[in-house]
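Peer 1: This is a predicted model, with the sequence first.
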Amino acid sequence: MNNNQTQQALYLNFDRNQWAELRNSVPLTLNEGDLSHLRGINERISLSEVTDIYLPLSRLLNLIVGSKQQRGVILNAFLGRKPTDSPYIISIAGSVAVGKSTTARILQALLQQWPEHPKVDLLTTDGFLYPLNELKRKGLLKRKGFPESYDGRMLIEFISAVKSGKTEVKAPIYSHLSYDRIKDQHQIINKPDILILEGLNVLQTGLDAHVDIRRPFVSDFVDFSIYVDAEEDLLKQWYIERFLQFRSGAFADERSYFHHYAALSDNEAVDTAAQIWDSINGPNLRQNIQPTRERAHLILRKGQNHQMEQVLLRK
């Protein structure tokens, strides 16, 4: 089957209006001021996008998390044991420049408004990229973002500890300014009700490996998975637009690893960004990220201007 046939077989398909109707009078708890802090670079997300797409999604997730919590209460009562504090883990996957971070931040802001799960933590997998020196030593600098550029063992140890309910689990912090982990700094995850995990490869399994790998993957610990999708020509366009904004923003900082890009002309910047996409981000998307899309429980499909056009919910 092709991708369209696979999706028709596996998913319920909603257009924007159909999905928006499922909000079921959930109140909007964010205003324009809140939203301005949640937008990603070059994203023009509106309150209507939150109302139509994210409020129904937060309602769905609230119902699913509540169902799991209730099942845990029943199981613990049956077994005669104390309740465990295992967080519900939501993963968000998708290409570079598709807007995963904004999706994650909005979901975090909405989900923590529900009284059943007020503590919602958010973590990106960027911190689990190998340190810059290690990437250079391994010859992986031009494959940064590919699965082999991540410290998989460290990531699995982290997610396993969180899932088992351990307190104060440390995760490395990544700096987009230095293009590297921040030495001796960590994000502490302390028994949240929900953990949102955002990253390029969080849907991967052993089926994606070129050799037989008998070890856990992040996806083994995830309760609900989301894939943010768009056509590659749009993704490349958004990446170039974001690169141009970085050129006059973050790249202009003399401490930036990419400070040398700040002096590029408009045409040079467009050409450079397009080359990076064609040599790194595009191949990674096609080889590693996009093939995991149909594993997601829910696919959010974007069109022009980052507007959600379609929602696919696994049957």
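Peer 2: Great, that's in hand.
Peer 1: burial measure for residue 261, as a count.
Peer 2: Per other Cβ atoms under 10 Å, the neighbour tally for residue 261 reads 19. The C-beta positions use only the backbone N, C-alpha and C, and glycine is treated the same way.
Peer 1: immediately after the helix or strand bottoming out on mean pLDDT in the chain, which helix or strand?
Peer 2: Counting by mean pLDDT, DSSP states H and E, the chain has its least confident helix or strand at helix 32-38, which shows a mean of 78. From helix 32-38 onward toward the C-terminus, using DSSP states H and E, the following helix or strand is helix 47-49.
Peer 1: picking up where we left off before, so which residues make contact with the least confident helix or strand of the chain?
Peer 2: The contact list for helix 32-38 (Cβ atoms under 8 Å, 6 or more residues apart in numbering) reads 30, 45, 46, 47, 50, 102, 105, 106, 109.
Peer 1: Which positions in the biggest helix by length in the chain come out as buried?
Peer 2: In the chain, assigned by DSSP state H, the helix with the most residues is helix 55-79. The neighbour-count check on helix 55-79 (16 or more other Cβ atoms under 10 Å) flags 55, 56, 57, 58, 59, 60, 61, 62, 65 as buried.
Peer 1: Among those, which one lies nearest to residue 286?
Peer 2: Taking Cβ to Cβ as the measure, residue 286 lies nearest residue 57 of the buried residues of helix 55-79, at 26.9 Å.
Peer 1: pLDDT wise, what is that closest one at?
Peer 2: On pLDDT, residue 57 comes in at 95.
Peer 1: Check residue 312 too.
Peer 2: Residue 312 is assigned 97 on the pLDDT scale.
Peer 1: so it makes contact with residue 13?
Peer 2: Yes - at 5.6 Å, residue 312 counts as touching residue 13 under the criterion of Cβ atoms under 8 Å.
Peer 1: just to revisit the earlier point, can you tell me what sits against the longest helix of the chain?
Peer 2: 19-20, 22-24, 26, 28, 82-84, 86, 88, 90, 107, 110-111, 113-114, 116-117, 193-194, 223-224, 298, 311, 313.
Peer 1: centre of the chain versus it, how much separation?
Peer 2: Counting by Cα atoms, centre = their mean, to the nearest Å, helix 55-79 is centred 22 Å from the centre of its parent chain.
Peer 1: Take the buried residues of helix 55-79 and write them to JSON lines, including distance to residue 157.
Peer 2: Listed next are those as JSON lines, based on distance: Cβ to Cβ, whole Å:
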{"residue": "55", "distance to residue 157": "35"}
{"residue": "56", "distance to residue 157": "35"}
{"residue": "57", "distance to residue 157": "30"}
{"residue": "58", "distance to residue 157": "30"}
{"residue": "59", "distance to residue 157": "34"}
{"residue": "60", "distance to residue 157": "31"}
{"residue": "61", "distance to residue 157": "26"}
{"residue": "62", "distance to residue 157": "30"}
{"residue": "65", "distance to residue 157": "25"}
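Peer 1: Just give me the closest of the residues you listed to residue 291.
Peer 2: Among the buried residues of helix 55-79, residue 57 lies closest to residue 291 (Cβ to Cβ), at 23.8 Å.
Peer 1: what's residue 290 in contact with, if anything?
Peer 2: residue 95.
Peer 1: Assumed it was part of a helix.
Peer 2: Yes - judged by DSSP: H, G, I helix; E, B strand; the rest coil, residue 290 forms part of a helix.
Peer 1: Next, work out how far apart it and residue 273 are.
Peer 2: 20 Å (Cβ to Cβ, to the nearest Å).
Peer 1: Then residue 65?
Peer 2: From residue 65 to residue 273 the distance is 39 Å (Cβ to Cβ).
Peer 1: what's the answer for residue 201, then?
Peer 2: In terms of Cβ to Cβ, residue 201 sits 22 Å off from residue 273.
Peer 1: next one: residue 173
Peer 2: Distance, residue 173 to residue 273, by Cβ to Cβ: 26 Å.
Peer 1: out of those two, which sits in the busier spot?
Peer 2: residue 273 (24 against 16).
Peer 1: Determine the set of other helices and strands touching the helix or strand where that one lies.
Peer 2: In the assignment (DSSP H and E), residue 273 maps to helix 266-276. Judged by 3 or more Cβ pairs under 8 Å, 6 or more residues apart in numbering; DSSP states H and E, the packing partners of helix 266-276 are helix 232-248.
Peer 1: picking that back up, can you give the distance from the least confident helix or strand of the chain to the centre of its chain?
Peer 2: 19 Å.
Peer 1: same check, this time on stretch 63-83
Peer 2: Between the centre of stretch 63-83 and the centre of its host chain there is 28 Å, according to Cα atoms, centre = their mean.
Peer 1: With stretch 2-20 instead?
Peer 2: That offset, for stretch 2-20, works out to 21 Å (Cα atoms, centre = their mean).
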